[in-house]
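S.K.: Predicted coordinates and the sequence they were generated for:
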Amino acid sequence: MRVLFLTLANDNIASSRTRVFQFIPYLNKLGITCKVIVSNPYYARRSKNILKKVAKSIHKKLNNLNFFFTSLFFTNIFIQKVYLPRWEIKIFKYCGKNIIYDFDDAIYVNEQSQAISKNKRKRLDYVLKQADWITVENETNANYAKICGNNNSIIITGPIECNRYFPQENTNSGNEFVIGWIGSPSTTKYLEIVKRPLQILSQTHPNFKLMLIGANDIAIEGVNTENYPWTLDSEVELLRKFDIGIMPLYNDIWCAGKGGYKLLQYMALGIPSIASPVGVNDDILNMGDIGFKAITEEDWIKSFEKLINNKEIRLQMGKKARETALTYFSYEKYVHDLIHCFR
């Protein structure tokens, strides 16, 4: 069996890394030959230079064209979050290709919860209707595929590489307590939700520290904060310093379609979580005593207090979270669902 993948970006971007690149070793182990073509290697690099923008656009179009011609030698083609033109999908269907389309965000809207361009929407709706299988992060996105006329959705939440994300003894000093968050500059805005609760907490627990990984420059007055750049090599070591992991989100259409990857990272590392119960976050937190839901500022403060003041609860929740990640969100579990699409 051979599969051709077209990814949105390279493995520095979480969605491409978790939805494609980290699946490859598991698929290879089961005898499946995989080839990956990256649509936009410069996805995360923003530029105001017009010539650079044009060059990047041409590079992207050439990569997509390479994918089209390479697909002639593959039956299974997996498209991860790329808006391909309708004529290309029509040719794939005419040639009898088995099309799997994957998206792990609410890409039918933009981050401001507004509609995407008409051209992108038409391309997306068409491929969702024509694809043989849709792989999505959560029920919200599966429902959008159904609206487009496709009931062949498989929910793959995450996954998380539990062999890489595993607990180790927390090396923080006895008097230090770390509340942590991992993300990107574009998702730093969600920390506004916990700004006031953290300021209130700092008045009663002066020994706690807020540790951020991958955030943009942010300062919360009165809160001891450390901000580290995100790298694939350093993230696990930094995450292991967390006593609590947080995932605040707005309650809007975009966030309802987001994946719960931060939660899965915390869970696999045996870290209890506090999160906004939006979209798949709510589903994950309903799976057992692995963390707390927080909607109001009072919810956040009470949840922080419970976990800070009771080490036994933190350890129990962390242990349960690790077990849940292994059982329900590992690559070992989901690789068979993916192979089902290929067959």
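M.R.: Received it, and whenever you're ready, just let me know what you need.
S.K.: Using the three-state scheme, assign Asn170.
M.R.: Secondary structure state of Asn170, per DSSP: H, G, I helix; E, B strand; the rest coil, is coil.
S.K.: Tell me if I'm right that Arg322 and Tyr266 touch.
M.R.: No: between Arg322 and Tyr266 there is no contact under Cβ atoms under 8 Å: 9.8 Å. The way it works is simple: take the backbone N, C-alpha and C, and place the C-beta from them, glycine included.
S.K.: just the strands in the stretch 51-200 of the chain please.
M.R.: Per DSSP state E, counting those that start in this stretch, the stretch 51-200 of the chain has strands spanning 76-80, 98-103, 133-136, 153-155, 177-182. These are given in chain order.
S.K.: who wins for proximity to Ile213 among the ones you listed?
M.R.: Smallest distance to Ile213 across the strands of the stretch 51-200 of the chain (Cβ to Cβ): 4.2 Å, for strand 177-182.
S.K.: Dump the longest helix seen in the chain to CSV, restricted to CA.
M.R.: Scanning the chain for the longest helix, with DSSP state H as the assignment, gives helix 50-70. Extracted in CSV, the C-alpha atoms of helix 50-70 (Å, rounded to 0.1, in the frame of the first residue of the first chain):
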residue,chain,number,x,y,z
ILE,A,50,6.4,42.0,-2.4
LEU,A,51,9.1,40.1,-4.3
LYS,A,52,9.4,37.6,-1.4
LYS,A,53,5.6,37.2,-1.3
VAL,A,54,5.5,36.5,-5.0
ALA,A,55,8.4,34.0,-4.8
LYS,A,56,6.7,32.2,-1.9
SER,A,57,3.4,32.0,-3.9
ILE,A,58,5.2,30.6,-7.0
HIS,A,59,7.0,28.0,-4.8
LYS,A,60,3.7,27.0,-3.3
LYS,A,61,2.0,26.6,-6.7
LEU,A,62,4.9,24.6,-8.0
ASN,A,63,4.7,22.2,-5.0
ASN,A,64,1.0,21.8,-5.5
LEU,A,65,1.7,21.1,-9.2
ASN,A,66,4.3,18.5,-8.2
PHE,A,67,1.7,16.9,-6.0
PHE,A,68,-0.8,16.7,-8.9
PHE,A,69,1.7,14.9,-11.2
THR,A,70,3.1,12.7,-8.5
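S.K.: Return the set of buried residues in it.
M.R.: By 16 or more other Cβ atoms under 10 Å, the buried positions in helix 50-70 come out as Lys56, Lys60, Asn63, Asn64, Phe67, Phe68.
S.K.: give me the low-pLDDT residue ranges for the stretch 51-200 of the chain?
M.R.: Filtered on pLDDT under 70, the stretch 51-200 of the chain yields the residue ranges 171, 173-174.
S.K.: What does the pLDDT read for the residue nearest to Ala14 when sequence neighbours are not counted?
M.R.: Leaving out its chain neighbours, the residue that sits closest to Ala14 by Cβ to Cβ, 6 or more residues apart in numbering is Tyr261, at 6.2 Å. Looking at Tyr261, its pLDDT reads 95.
S.K.: Can you give me the neighbour number for Tyr261?
M.R.: 23 (other Cβ atoms under 10 Å).
S.K.: Ala268 now?
M.R.: 27.
S.K.: From Ala215, how far off is Thr188?
M.R.: As defined by Cβ to Cβ, to the nearest Å, Thr188 lies at a distance of 4 Å from Ala215.
S.K.: Please consider this matter closed, and thank you.
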